[in-house]
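Asks: prediction below, plus the sequence it came from.
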Amino acid sequence: MLQAKKLCKRYDDKFALKDLSLTVNPGEIFCLLGQNGAGKTTTINIFLGLIAPTSGEAFINDVSVLDNKSIRSSIAYIPETVQLYSNLSGLENLDFFSRLAGFKYQKEALIQFLKQANLQEESYTKKLSTYSKGMRQKVGIAVALSKNASYILMDEPTSGLDPKASVEFAKTCKKLAANGVGILMATHDIFNAVNIGSKIGIMKEGTLIHTAKTENITAQELQDLYIKTI
């Protein structure tokens, strides 16, 4: 599992995170809601091993995130804007980044990853410069799949997506979860959090204030709770 235990991150006299504890199990989609500065991105960066906590611990499959090399193969990261090479096709980007991660796939296997990510077949060989943001996100998901990652960390992945792309993205995430992949997603989007997530947490000033299973809360109830919290 992906687990945080009383994580704190302090910059001088200000806490970016304060006693954060959460768990993301295999096949679970945990959506973190909160305003800018609530601590969502800091949480993700600690799990990625990019910053160290001031105190507390974070684990991926029972291995400390401070042991960055050993956990690298277990996780993948999809930022708000996926960084890919615009002069390469979706297929070529996938081939390049999977090789960078130490994998060498035949073309047929790469195509299967793109299919799993729901990228339109006619786009496989087109340059990324012609892709929409939603299509780029799908290539990012294909890269994560090619790494055989147990967990995918996402930071505002639905930002800027049109309604159709958001629906497609939700379907892809649910498919990943059905196959046992755990997802931790930082988002501002209440509707997509309810639609995509299996569990939701609301953060404020570095603290996890509320958690709820999406089966037990409606979008309206979540919105009312979120507004009341912030």
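Replies: Right, received. Where do you want to start?
Asks: and the host helix or strand of Met154, which strands flank it?
Replies: Assigned by DSSP states H and E, Met154 falls within strand 151-155. Applying DSSP bridges, strand 151-155 is found paired with strand 75-78 (parallel), strand 182-187 (parallel).
Asks: now the element after it, going C-ward?
Replies: helix 163-178.
Asks: which secondary structure elements does that following helix contact?
Replies: Judged by 3 or more Cβ pairs under 8 Å, 6 or more residues apart in numbering; DSSP states H and E, the packing partners of helix 163-178 are strand 29-33, helix 133-146, strand 182-187, helix 190-196. C-beta: built from backbone N, CA, C; applies to glycine.
Asks: taking strand 29-33 as reference, get the angle to that helix.
Replies: 130 degrees (axes from the mean of the first three to the mean of the last three Cα atoms, to 10 degrees).
Asks: contacts for helix 163-178?
Replies: Helix 163-178 has contacts (Cβ atoms under 8 Å, 6 or more residues apart in numbering) with 27-29, 116-118, 132-134, 137-138, 141, 145, 152, 157-158, 161, 183, 185, 189, 192, 195-196, 198.
Asks: what does stretch 141-149 give?
Replies: If you take Cβ under 8 Å, 6+ apart as the criterion, stretch 141-149 is touched by 73-78, 90, 93-94, 97-98, 101, 103, 105, 110, 113-114, 116-117, 119, 152, 172, 176, 181.
Asks: buried among these? Make that a ChimeraX selection.
Replies: A single ChimeraX command selects the buried members of these (16 or more other Cβ atoms under 10 Å):
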select :74,75,76,77,78,90,93,94,97,98,101,110,113,114,116,117,119,152,172,176,181
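Asks: ok, the most centrally placed residue in the chain to Glu57 distance?
Replies: Nearest to the mean C-alpha position of the chain, counting by Cα atoms, centre = their mean, stands Met154 at 1.9 Å. As for Met154, its distance to Glu57 is 22 Å (criterion: Cβ to Cβ, to the nearest Å).
Asks: same deal with Ile200?
Replies: According to Cβ to Cβ, Ile200 stands 23 Å off from Glu57.
Asks: ok, those two, which is more surrounded?
Replies: Ile200 (26 against 15; other Cβ atoms under 10 Å).
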